[in-house]
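K.L.:
Task: produce atomic coordinates for the following.
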Amino acid sequence: MLSVGLIGAGLVGKKRVENLAGARLVAVADRLPERARALAGAADAEVIVDWETLVRRNNLDLIIVSTPHDLLTPCAVAALEAGKHVLVEKPAGRNPEELRRLVDAAGRSKKIIRVGFNHRFHPGFQRAREMLNAGAIGPLMYIRARYGHGGRLGYEKEWRADPQVSGGGELLDQGVHLIDL
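P.N.:
Numbering: from 1, shown residues only. Sure thing, here's the model as predicted:
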């Protein structure tokens, strides 16, 4: 059974933990300690004060990184360098340089890294991919799509509205699902 550490206990981290499929959550780190405690308590996992301490733990096989975009690459690289397998949420980095650091760290570590594109398995996306691969709709020349987050009160004050944290607005946050198609 895989032992899992989670960095980022928000909505996406919670969804990942709910779907561990036989793996065991061992430790949780989040910038909001109460959020980490809530998620860890349900799984009888340990709350770790900071993500740097979590990645250095010897009793973890896999680390899930579900943080805002500015921490995805640093956390994932550190986990790989500490000898852990990694599931990092999309987009995995804010720019090509961050992604290159991640790819290089994965190559050096010889550990498995995957990017969490949860919409890759949505039936509509799967059907579109099948049609493209089968040539049913001809060669893809361009794509036009509308996609994004419906928002909520105060959304403009959240981390996604800060270019230093998000790295690219809606295209990087949600549009990557369309690019992944």
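K.L.:
quick one, what contacts residue 9?
P.N.:
28, 29, 30, 32, 35, 36, 38, 39, 40, 66 (CB atoms under 8 Å, 6 or more residues apart in numbering). (C-beta placed from N, C-alpha, C; glycine too.)
K.L.:
Swap in 7 Å and give it another go.
P.N.:
28, 30, 35, 36, 39 (CB atoms under 7 Å, 6 or more residues apart in numbering).
K.L.:
Any idea what the residue nearest in space to the middle of the chain is bridged to?
P.N.:
In the chain, the C-alpha nearest the mean C-alpha coordinate belongs to residue 89, at 1.0 Å (CA atoms, centre = their mean). Assessed by DSSP bridges, residue 89 has beta-bridge partners residue 116.
K.L.:
one step back: let me know the closest of the contacts of residue 9 to residue 75.
P.N.:
residue 30 (11.6 Å; CB to CB).
K.L.:
Just give me the neighbour total for that closest one.
P.N.:
25 (other CB atoms under 10 Å).
K.L.:
do you know how far it is from residue 51?
P.N.:
For residue 30, the distance to residue 51 (CB to CB, to the nearest Å) stands at 8 Å.
K.L.:
how about the strands in this structure?
P.N.:
3-7, 24-29, 46-48, 62-65, 85-89, 113-116 (DSSP state E).
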